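Trainee: The following block contains a protein sequence and its predicted model.
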Amino acid sequence: MDNRLLTIPYSYIKSFFSQGEVRSVKAKHNILASFVIRACSIGISILLVPLTIDYVNPTKYGIWLTLSSIIGWFSFFDIGLTQGLRNKFAEAKAKGDDETAQVYVSTTFAILSVIFTSVWLLFLIANKFVNWPELLNMPQSMGSEISTLSVVIFTYFCLHFVLGIISTIITADQQPAKSSFIEVLGQFLSLLVIFILVRLSEGSLVHLALALCAAPLAVLVGANLYFFRGTYKKYRPAISKIKWSYGRGLFSLGLVFFVIQVAGIVQYQSANFIIARNFSSLDVTSYNIVYRYFGILNMVFAIFLNPFWSASTEAFLKNDIKWIKTGIQKYNLLNVLLVCVGVVMLLYSEKIYTLWLGKGTVNIAFTLSIWGFLYFNVSMFGGKYVSFLNGINALRIQFLASLISPVIYIVIVMLLIKHFHMGVHAVFVASILANINGFLLAPLQYHQIVNRNKKGIWIK
């Protein structure tokens, strides 16, 4: 073969990833790296789901998913601080103010440590009085196991939230690929531990929790030590750099993110609990398989979208509106492409479920797959506009929408289930209808700010 034929595409690829504005080149490099990392993540998830189901059984896997999502509700104790830190850190770094950036990092670490230590102690006390089997519609004989499981998951959750600040900093520095690598390394270690458990022990929810929680925590500890001794040494948390007064800036911005975050918890993380209460733990498993399957589309989209939040912060501060418009146009084209890919995934979904999980493991209605497909496409459409608005702190409208969207979601989902006797797919239908900010308000707000240069409520 003529070597010149290989030189042409290589030269084109090299030119694509090296030409353009510094911000764009950095984003391209992160997108390329994220593709490789996310491909590994998807591969691990594909292996982990059937392996985990085989270790415990589909019903117990549903219990694990339901309890994990319920404990995930406690993320509102973050009060939006990590998202506030993401913007404050990006702003300080864009201005070259390393001192302020370190203060924000140190203060966030201190505040979250106090909050989650207190919450963890309160949970240990409250856990003794919670009747988990009754709450989750499960046999009373599982009470002791589920209680222990809840402590393991909650301890992991609290530690993960504090140690995960390093991922927030890396993402704010427009390097989401490195943040994703930390996550996928934890997944890989969990996969290895579960693989060993399947061969050495009988199915146990507590052992499963320890495997899925301990490995990511070990990776996060290593990441904190590595980055704060190296690349981010000048931003390393220090007691002397804690300034509680700076918490006001994080809280003022974080409070808005907090309300938005709570709305997201109610609207998206309550699904497993609603399904467990109104259907069964086995239906929780079916729902999550569809969610993971079509969630691959969202994972691919997130690879491209992740750099956009912090890059938008910098671009808007420098009034580089042309770069923002170009970015949105490219994301729109990507949306169209992913819709086409999603249609193919939908048409072959039943065959892929069987190949993935084994014949007869879990029965999934095609209707559930259709609505899962539609849900993620609506989510991706609004995601690019929400990411831009988050980056420039234009949160007022999203804040107001977040006050009513959870109510709309709960009313619709219970109406569909109780009155219209709709199946599990009612959760997807309600999520789509309640996401008024994503498919309506956020695109409108973006248009008013970028295309019409409007101020007032649009920019707040």
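Mentor: Happy to help now that I have it. Residues are numbered from 1 along each chain as shown.
Trainee: Identify the residues contacting Asp173.
Mentor: Taking Cβ atoms under 8 Å, 6 or more residues apart in numbering as the contact definition, Asp173 lies against Phe89, Ala90, Lys93, Tyr232, Ser310. Just so you know, the C-beta spots here come from the backbone N, C-alpha and C atoms, and that holds for glycine as well.
Trainee: Now with 7 Å, please.
Mentor: By Cβ atoms under 7 Å, 6 or more residues apart in numbering, Asp173 lies in contact with Lys93.
Trainee: Return the distance of it relative to Val362.
Mentor: Between Asp173 and Val362 the computed distance is 41 Å (Cβ to Cβ, to the nearest Å).
Trainee: residue contacts, Leu297?
Mentor: By Cβ under 7 Å, 6+ apart, the residues touching Leu297 are Leu338, Val341, Gly342, Phe376, Met380.
Trainee: which SS state does Ile324 fall under?
Mentor: helix (DSSP: H, G, I helix; E, B strand; the rest coil).
Trainee: and what of Gly423?
Mentor: Using three-state DSSP, the structure places Gly423 in coil.
Trainee: Pull up the gap between it and Ser280, please.
Mentor: If you measure Gly423 against Ser280 using Cβ to Cβ, the figure is 12 Å.
Trainee: Check Ala110 too.
Mentor: Counting by Cβ to Cβ, the separation of Ala110 from Ser280 is 44 Å.
Trainee: do Phe35 as well
Mentor: As judged by Cβ to Cβ, Phe35 and Ser280 stand 37 Å apart.
Trainee: same deal with Gln445?
Mentor: According to Cβ to Cβ, Gln445 stands 41 Å off from Ser280.
Trainee: Then Ser180?
Mentor: The spacing between Ser180 and Ser280, counted by Cβ to Cβ, is 34 Å.
Trainee: more neighbours, those two?
Mentor: With neighbours defined as other Cβ atoms under 10 Å, Ser180 and Ser280 compare such that Ser180 has more, 25 against 16.
Trainee: How about the more buried one, nearest residue that isn't a chain neighbour?
Mentor: Ile37 (4.6 Å; Cβ to Cβ, 6 or more residues apart in numbering).
Trainee: quick one: the one you found and Ile182 touch, right?
Mentor: No. Using Cβ atoms under 7 Å as the test, Ile37 is too far from Ile182 to be in contact (9.6 Å).
Trainee: coming back round to it: report the contact partners of the residue nearest to Ser180.
Mentor: Per Cβ under 7 Å, 6+ apart, neighbours of Ile37: Ala177, Ser180, Phe181, Val184.
Trainee: distance of it from Ser179?
Mentor: Applying Cβ to Cβ, one obtains 9 Å for the distance of Ile37 from Ser179.
Trainee: Spell out which residues are contacts of both of those two.
Mentor: Common contact partners of Ile37 and Ser179 (Cβ under 7 Å, 6+ apart): none.
Trainee: need the longest helix for the protein.
Mentor: Ranked by residue count, the top helix of the chain under DSSP state H comes out as helix 281-317.
Trainee: give me the low-pLDDT residue ranges for the protein?
Mentor: Low-confidence segments of the chain, defined by pLDDT under 70, are located at 1-30, 70-80, 249-262, 265-268.
Trainee: so who does the nearest residue to Asn224 once chain neighbours are set aside touch?
Mentor: Counting by Cβ to Cβ, 6+ apart, the nearest residue to Asn224 once its immediate chain neighbours are dropped is Ile166, at 5.1 Å. Each residue near Ile166 by Cβ under 7 Å, 6+ apart is listed here: Ala223, Asn224, Phe227.
Trainee: Show the residue spans covered by the helices in the stretch 251-400 of the chain.
Mentor: With DSSP state H, counting those that start in this stretch as the criterion, the stretch 251-400 of the chain has helices at 271-278, 281-317, 321-347, 349-357, 366-391, 396-414.
Trainee: which other residues reach the shortest one?
Mentor: Taking contacts as Cβ under 7 Å, 6+ apart, the residues outside helix 271-278 that touch it are 65-66, 69-70, 136-137, 283-284, 287, 413, 417, 424, 427.
Trainee: picking up where we left off before, closest to Ser245 among the contacts of Leu297?
Mentor: Taking Cβ to Cβ as the measure, Ser245 sits nearest to Met380 out of those, at 39.6 Å.
Trainee: Please tell me how far the nearest residue to the closest one once chain neighbours are set aside sits from Gly230.
Mentor: Spatial nearest neighbour of Met380, chain neighbours left out: Phe301 (4.7 Å); criterion: Cβ to Cβ, 6+ apart. Taken as Cβ to Cβ, the spacing of Phe301 relative to Gly230 amounts to 31 Å.
Trainee: the more surrounded of the two?
Mentor: Summary of the neighbour comparison: Phe301 and Gly230, criterion other Cβ under 10 Å, with Phe301 having more neighbours (22 against 9).
Trainee: Ala33 against Ala177, yeah?
Mentor: Yes. The pair formed by Ala33 and Ala177 meets the contact definition of Cβ under 7 Å, at 3.6 Å.
Trainee: These two - which one has more neighbours?
Mentor: Summary of the neighbour comparison: Ala33 and Ala177, criterion other Cβ under 10 Å, with Ala177 having more neighbours (22 against 17).
Trainee: can you tell me the helix or strand for the nearest residue to Asn288 once chain neighbours are set aside?
Mentor: Residue nearest to Asn288 in three dimensions, not counting chain neighbours: Leu65, with 5.3 Å by Cβ to Cβ, 6+ apart. According to DSSP states H and E, Leu65 maps onto helix 58-72.
Trainee: quick one: that helix to helix 281-317, angle?
Mentor: The directions of helix 58-72 and helix 281-317 differ by 40 degrees, with axes from the mean of the first three to the mean of the last three Cα atoms, to 10 degrees as the criterion.
Trainee: So which elements touch helix 58-72?
Mentor: If you count contacts as 3 or more Cβ pairs under 7 Å, 6 or more residues apart in numbering; DSSP states H and E, helix 58-72 packs onto helix 143-163, helix 205-229, helix 271-278, helix 281-317.
Trainee: what distance separates the longest one from the centre of its chain?
Mentor: By that I understand helix 281-317. Taking Cα atoms, centre = their mean, to the nearest Å, one finds helix 281-317 lying 7 Å from the centre of the chain it belongs to.
Trainee: Counting neighbours, show which residues of that helix come out buried.
Mentor: 281-316 (16 or more other Cβ atoms under 10 Å).
Trainee: between the contacts of helix 271-278, which is closest to Phe188?
Mentor: Distance ranking of the contacts of helix 271-278 against Phe188, using Cβ to Cβ, places Leu65 first at 20.5 Å.
Trainee: separation between that closest one and Ala94?
Mentor: Counting by Cβ to Cβ, the gap from Leu65 to Ala94 is 40 Å.
Trainee: So which of these two has more stuff around it?
Mentor: Using other Cβ under 10 Å as the criterion, Leu65 and Ala94 rank with Leu65 on top: 21 against 17.
Trainee: What is the burial count for the closest residue in space to Trp371 that isn't next to it in sequence?
Mentor: Counting by Cβ to Cβ, 6+ apart, Phe428 is the residue found nearest to Trp371 once chain neighbours are left out, at 3.8 Å. As a burial measure, the neighbour count of Phe428 was computed by other Cβ under 10 Å and equals 26.
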